[in-house]
Structures are given as structure tokens and as C-alpha cells.
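Engineer: structure here, sequence nowhere to be found:
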């Protein structure tokens, strides 16, 4: 099942989507950041990937393009998962928001922004969600020391 | 009191630009009527909820950061504390993800036992959710019936795992220990009790005028909205969509079991209550099948990369002593790679996204927790409703702070 879908996806989305492979039952597509929103739209509209499961990132501090932004999608019709991976550098770690395509993106992008400092172009509500206002740094970055202490937050009116 | 005069750890998206005549109130983060630490900032027009801004994170404890600093084995007690109502399912999903990276096939007895215990945990989780949701609406009798049965189950699990709630029972490549004598006999006794008391709750609640008025057509969500908002589990199934990983992508022993996927009609609070009640019945049906199918044999794989050697060998053989030492100090050696492994947890799709660069410590552990995603959908169910309906609707989502905030 996965092999057929991989063939179709590869034919339809490559070269826009770059190399594709299957890893532990999940189809993996590696993209340029500019292709993310268009590929996600095609996945939703043409291939039936109706759930955006998860948005997260992986930090590779020694690489030139440091952050790997990872999206997981699931198709309830085909019962297949797709993982989209795209790399952005530390200077401008920004990808397009998928908030216009999936309602679940808004909340999950906020978490990814909290933890890695990834910006999501088009998501205007990137307030902290798991952290709090005044938290300094992005804790899941590899250069954030586990035992760092945070400054006290001043008493705030409103 | 207006929100602007209260020192608030969050910056609400409401507050300043409220509509004429509306009042913004802060519900939570610690409110006696909600189970779960969550802050709901609600803009009200009288008793009507105009808009809400749902905030979580009060239980955030850096779970994912901490995971990057410990061996793969050491994470098992941590994953217990994600959804602490059904920790066994977290254990098994995490172990399954690591086993996929290591290309380990667990033994048949372990596979059936994990399935049985997953379903047992699902019953415990649903009992807790339904009991708490009913209690919040004043149904103390129903609460006590369900929590009493739940406590029999917790004690029964304690007899197996040694702990009442945080079991730490899964192991990479197997389980901590086999069933004690007489465990399955007691299991059947508890299931009979379960049937008696759940039947009483059905009689008290199902056709009760008060509950129907409080639950029917409240907190409604459609299938399309639920899918777009990433909802899974009972929340999605209550809208009428029979989407369940146990059927759609069978893992463990689910392919060999006979069971139905209960669905609701219109995705309201009543449907969520009923879907959970019916799912428990299906789980009990599966547990009884599994108790008959349970094969004899070892529970741990014979793989020196992850399984600890027998204690007698550790004390008597230098090779086993070294093996034990290296497993404790360096951790199981997991090859380079990444995996996303999802199990159908009581609240929905619980996914572990693991990245390994080889060696005994994970490079990244990310949990796709259903509770967190569902909190993103909560506003959709609360907006436009009544203030008094926030509590039952929130209860029917069954947000678990440990899993949501990580």
C-alpha cells in the first residue's frame, strides 16, 4: 500500500518535493522551505491527507541549515502518513504557516516557536503556549543548557 | 473583575478589544470545577460565551529536553507521567517506537499481554473521564460507582506492576515481569463488577432528563472541523467518523481481535459520553478474548542490545556482568534513524517521534500528544455556548495536563 502511494507521490510531487523515501511505514519528503505550503496544499487537496498531526523541529547546530522543520500528515482515507522535512538556517529560521490549510496548525506552530524559535510566516498569533511571557531563549535548541535559570518575571498589570 | 487588573502570566488575545458591554473573565488555571490545569479566558455577554482563549502549559516540565539527557531505558518512568491515567499505553507506544528503530520483534506472549494491558488501561482512562465529567455535573453516585471499579483496577495493576499509577512496566524488547499467579482469575472478577456498575450508570444517566438537557447539542463539532483541527480518538469518533488506529493500522495483536468502533451522531457532549461508555464495553470484550489467546513463553526478546541478563548470570559470569553494566551506563544501542510511531491512546493518536544518532541516548524525543492538539480545538467547542457548559465540555475533551504540557 505504502509503496504504491510512494510511487504516485514521487511522480506527482518530485521534483518540487525532492527525494522521497519510506521510513518505518511513513513516506518522507524532503523539501525546500518555499515548497512547503504548496506541497501541503496538494497533499490535502489531491492526495487526501486530511489531518495535520504534528509540527516540530530538530536542531542540528553543526549544520549550515541548522533547523529541520518536520510536519506529519495523516490520510484517513488511505491510512498513510507523510512526513515533510524542510531545512532553514539560524539567521532566518522562518517557514510558511499552514494555518490557512489546517486548523490544527495554529496551536502546534506556537509550540514549535516556543521550543525552537522557528517563525511561521502568516501565523500572527505566536504567543507562548507551553512557556510564559518573558521566558528567555528556546529550550529545545541544543545550545540551551538544561540547568539554565530564567530571570524573574516582573509583576505585570494586564 | 476585569482581566486588566489581575497580574496574569499570559497575554490574552482578548481583553482590550472586547465588544461593547461584554465582560472578560479568567477561568483557571486552577479551578475547582475543571479537572486539569488550564486557563480559559472567556469573553462573556451575560451568560453567553462569545470568544475564548485557551491556555495550557502550567504543567510544562521540560519533558522533551530532559529526555535528551538520559538513556533510552531511563525514559520509561518519564513517559509514564505523560498521560498518568493510562501510563501503560504510553510505555508500550514508546517501547514500540524504540523497537522499530532497533528492528526488534517482541515475543508473542509480550505482544498479547501488551494488547490486553492497553485495553485494560483504556477502560481505566475512560472510567476516570466519565466519572469526573458526571461528578462535575453533580452526579456523585455515578462518580463513586465508576471510581470504585477504577480503584479495583488500579490495585489489580499494582499487583502486577508494583505501583498503583506510575507503573513503569514496559521495557524495550519486553515487559518488566510476567503475570503473577491468579492475576487472570481476579481480572475476570473485576470485569464482572465493571459490568454491574457500568449498567447502573447507564440506568442513571442515559435517559436522565437533566443530563440530556445538559449534554445534548452542547459543545458540538462536525467531522470536517474535527479533522481540520487535528482531533483524533473519541472526540473525532463522536462526530460519526469510524477512525481508529486499532482498525486502520493494526499494531500489537489488534488484527486478530473482534471488536467494533463505536461512533456518535453529532459530535456533542452526549456523544462523547456515550462513545467512551461503548468503547469500554468493546475493550472488556477484547480483554476476554486476549485472556483466552494468551500464549505461554518468554516475555522478553533474547537480544543483548536491550534486554538485561538474568540476575544469577550477572553475579556469576563476567560477560553478563559487563552486559548489564553497559546497558545501565551507556543504555541500549539504538541505530541512527528516525521513526514516528503512533498508538491509539484513550484520548486519540499518541505519537512518538524519535530521532537517534546512534548510541544509548536519544537525540530528540517528541510526543504528539492528543490532549495538546485537542486544547487547540477547545475554543471551537466552547465559543457560542453557555458559561455553565464550559465545565462539561472541557471535561468531555478529557485534557490530561501531564500529556498536554509535557
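Structural biologist: Structure received. All values reported here derive from a predicted model rather than from experimental measurement. Residues are numbered from 1 along each chain as shown, chains lettered A, B, ... in the order given.
Engineer: who are the contact partners of residue B:293?
Structural biologist: B:112, B:253, B:256 (Cβ atoms under 8 Å, 6 or more residues apart in numbering or on different chains). Any C-beta I mention is one placed from the backbone N, CA and C, and that applies to glycine too.
Engineer: now for chain A, the helix or strand with the poorest mean pLDDT.
Structural biologist: helix A:2-13 (a mean of 60; mean pLDDT, DSSP states H and E).
Engineer: OK, contacts around residue 126?
Structural biologist: No chain in the question, so chain A it is. A:109, A:110, A:113, A:119, A:120.
Engineer: was after chain B, sorry
Structural biologist: B:276, B:277, B:279, B:280, B:283, B:346.
Engineer: from those residues, which ones fall inside strands?
Structural biologist: Using DSSP state E, no member of the contacts of residue B:126 falls within strands.
Engineer: who wins for neighbours among these?
Structural biologist: residue B:346 (28 neighbours; other Cβ atoms under 10 Å in any protein chain shown).
Engineer: does it really touch residue B:87, like I thought?
Structural biologist: No - between residue B:346 and residue B:87 there is no contact under Cβ atoms under 8 Å: 11.3 Å.
Engineer: any shared contact partners between those two?
Structural biologist: With Cβ under 8 Å, 6+ apart, residue B:346 and residue B:87 have common neighbours residue B:121.
Engineer: quick check: residue A:52 is in a helix.
Structural biologist: No - assignment of residue A:52 by DSSP: H, G, I helix; E, B strand; the rest coil gives strand, placing it outside any helix.
Engineer: show me what it is bridged to.
Structural biologist: Beta-bridge partners recorded for residue A:52 (DSSP bridges): residue A:73.
Engineer: and what of the one 4 residues further on?
Structural biologist: With DSSP bridges as the criterion, the beta-bridge partners of residue A:56 are residue A:70.
Engineer: what do you get for residue B:366?
Structural biologist: Bridge pairing for residue B:366 - DSSP bridges - gives residue B:353.
Engineer: around it, how many other residues sit close by?
Structural biologist: Residue B:366 has 27 nearby residues by other Cβ under 10 Å.
Engineer: now the helix or strand that contains residue B:132: mean pLDDT?
Structural biologist: Using DSSP states H and E, residue B:132 sits in helix B:108-136. The pLDDT scores in helix B:108-136 average 92.
Engineer: cool, stretch B:345-365 as well?
Structural biologist: Stretch B:345-365 shows a mean pLDDT of 91.
Engineer: how much space between residue A:129 and residue B:54?
Structural biologist: 10 Å (Cβ to Cβ, to the nearest Å).
Engineer: the more surrounded of the two?
Structural biologist: Just comparing residue A:129 and residue B:54: by other Cβ under 10 Å the higher neighbour count belongs to residue A:129, 27 against 24.
Engineer: thought the more buried one was touching residue B:53?
Structural biologist: No - Residue A:129 is beyond contact range of residue B:53, at 10.9 Å (criterion: Cβ under 8 Å).
Engineer: who wins for most neighbours among the contacts of residue A:126?
Structural biologist: Using other Cβ under 10 Å as the neighbour criterion, residue A:109 leads those with 26 neighbours.
Engineer: just say helix, strand or coil for that one.
Structural biologist: helix.
Engineer: same deal with residue B:66?
Structural biologist: helix.
Engineer: just give the number of residues close to the closest residue to it other than its chain neighbours.
Structural biologist: With Cβ to Cβ, 6 or more residues apart in numbering or on different chains as the criterion, residue B:66 has its nearest non-adjacent residue at 6.7 Å, and that residue is residue B:78. Using other Cβ under 10 Å, residue B:78 has 20 neighbouring residues.
Engineer: also residue B:207?
Structural biologist: For residue B:207, using other Cβ under 10 Å, the count is 9.
Engineer: before we move on, the earlier item: and which of the contacts of residue B:126 is nearest residue B:163?
Structural biologist: residue B:346 (18.9 Å; Cβ to Cβ).
Engineer: would you quantify the distance from the closest residue to that closest one other than its chain neighbours to chain A?
Structural biologist: Leaving aside its sequence neighbours, residue B:346 sits nearest to residue B:125 (Cβ to Cβ, 6+ apart; 3.6 Å). The spacing between residue B:125 and chain A, counted by Cβ to the nearest Cβ, to the nearest Å, is 21 Å.
Engineer: if I read this right, residue B:125 contacts residue B:85, doesn't it?
Structural biologist: Yes - counting by Cβ under 8 Å, residue B:125 touches residue B:85, with 4.7 Å between them.
Engineer: any shared contact partners between the two?
Structural biologist: residue B:346.
Engineer: and those two? Which one has more around it.
Structural biologist: Taking neighbours as other Cβ under 10 Å, residue B:125 and residue B:85 compare with residue B:125 leading, 27 against 21.
Engineer: what sits against that one?
Structural biologist: For residue B:125, the contact set (Cβ under 8 Å, 6+ apart) comprises B:83, B:85, B:86, B:89, B:345, B:346, B:347, B:398.
Engineer: same check on residue A:112?
Structural biologist: A:55, A:56, A:57, A:69, A:118, A:120.
Engineer: mind listing what the fifth one touches?
Structural biologist: Neighbouring residues of residue A:118 by Cβ under 8 Å, 6+ apart: A:57, A:67, A:69, A:88, A:93, A:94, A:95, A:109, A:112.
Engineer: out of the contacts of residue B:126, which sit inside helices?
Structural biologist: B:276, B:277, B:279, B:280, B:283 (DSSP state H).
Engineer: just to check, the fourth one is in contact with residue B:128?
Structural biologist: No - checked against Cβ under 8 Å, the pair residue B:280 and residue B:128 is beyond contact range at 11.1 Å.
Engineer: helix, strand or coil for residue B:50?
Structural biologist: Per three-state DSSP, residue B:50 ends up strand.
Engineer: spit out the contact partners of the residue nearest to residue B:66.
Structural biologist: With contact taken as Cβ under 8 Å, 6+ apart, residue B:78 is in contact with B:63, B:66, B:67, B:70.
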